[in-house]
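Undergrad: Here's my sequence, what's the structure:
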Amino acid sequence: TVSSNTSIATATAGVNAVSGTYTLEVKTLASAATATSQNIINSSDIINNTGSDITLTISNGDANTSATITIKNGQTINDLVTAINSVSNTTHINASYDSNLGRLFLVSSTTGSNSKINISESDTNNTILTKLNLYIQNGSNADFIFNNVEIINSSTNNVTVAGININLVGTNPGNPITLSVQTDTDTIYNSIKSFVDAYNDVITQINSKLTEERYYDYKPLTDAQKEQMKDSDITLWEQKARSGDLNGNSTLTSIYYSMRNAISGTVTASDGTKMTLSSIGITTGQWYEGGKLYIDDTKLKDAIQKNP
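TA: Predicted coordinates for the structure are as follows:
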């Protein structure tokens, strides 16, 4: 899939994508909830000077993401950051403090209109929240137009439309870009060729073992016989002695024919079309080659182009 402007969107074609050119206009991106302290807080400032512990309850919009933290009397903004991050696996909210700006920043790890930052305080005077004076902005959904159809309910910027996996990265209201989907014939062909090569390797090795000559005159050597022979002669003898051990082996023969039957069978494509390997250009060689497969490049690539 080719995007005419990758600063707006990138895309990859899924298995159900249809070749063609599509238009995409991104009006807004899905955003995460954020919060920023409006008051300047120095790193040494005490945020809890009440003389008692204060409990903060933090959530990302629903009860399943709610967690509580305790800020002890005399603790600072950095202690608050540590406490918030200690429960981030539950709240999906992370905190950071910029000492140069004197600001606390909170951000949700989720996006969309359900992404929120809710904080409440046990202290009736809201001591900590008053000192922070947080400006909270909830998350929002992505709003984009795909082939003149407006879609506004995506909570993330990773969407799948018409079988195309799209990653929204920028906005372009009023200036649609194009997404071109083309069959990647070479990649599909290379995958098939790799499979055929691997199959041929296996089927050739199995066939060679099933037909390997057996040398009945070469019996296993005794220790006494080995003492009278050179190492090189022992190696050659033992190769002959082991030759043909799997000749005609019933288990290996069953595996061999199961593989060949699977390859020669009929399969049904996603569109319901029934096909065999021979119908797309993959055929078996001569009988004496033991089931080795051959590819007609032109016929296979044509079949991929027509029905990827």
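Undergrad: how much space is there between Ile166 and Thr10?
TA: Note on Ile166: its distance to Thr10, by CB to CB, to the nearest Å, is 8 Å. C-beta here means a position set from N, CA and C on the backbone, and glycine is covered the same way.
Undergrad: Next: Ile71.
TA: 43 Å.
Undergrad: which one of the two has more residues nearby?
TA: For Ile71 versus Thr10, neighbours defined as other CB atoms under 10 Å are more numerous around Ile71 (23 against 16).
Undergrad: surely that one meets Asn48?
TA: Yes - the criterion here is CB atoms under 8 Å, and Ile71 meets it with Asn48 at 4.9 Å.
Undergrad: anything in contact with each of these two?
TA: Listed as contacting both Ile71 and Asn48 by CB atoms under 8 Å, 6 or more residues apart in numbering are Ile54, Ile128.
Undergrad: Can you give the contact residues for the helix or strand hosting Ala303?
TA: Element membership for Ala303 (DSSP states H and E) is helix 297-306. Helix 297-306 is contacted from outside by Thr183, Thr185, Ile188, Tyr189, Ile192, Ser279, Ile280, Gly281, Ile282, using CB under 8 Å, 6+ apart.
Undergrad: want to throw those into TSV with neighbour count, secondary structure and distance to Asn261?
TA: Formatted as TSV, the contacts of helix 297-306 follow (neighbours: other CB atoms under 10 Å; DSSP: H, G, I helix; E, B strand; the rest coil; distance: CB to CB, whole Å):
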residue	neighbour count	secondary structure	distance to Asn261
Thr183	17	coil	30
Thr185	15	helix	29
Ile188	16	helix	25
Tyr189	17	helix	25
Ile192	19	helix	19
Ser279	14	helix	17
Ile280	20	helix	18
Gly281	18	coil	20
Ile282	21	strand	15
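Undergrad: now, which of these sits nearest Tyr215?
TA: Comparing the contacts of helix 297-306 against Tyr215 with CB to CB places Ile282 closest, at 37.1 Å.
Undergrad: which residues does that closest one contact?
TA: Ile192, Val196, Leu293, Tyr294, Ile295, Asp296, Leu300.
Undergrad: cool, Leu210 as well?
TA: Leu246, Asn247, Gly248, Asn249, Leu252, Thr253, Tyr256.
Undergrad: Asn114 now?
TA: Counted by CB under 8 Å, 6+ apart, Asn114 has contacts Gly61, Asp62, Gly139, Ser155.
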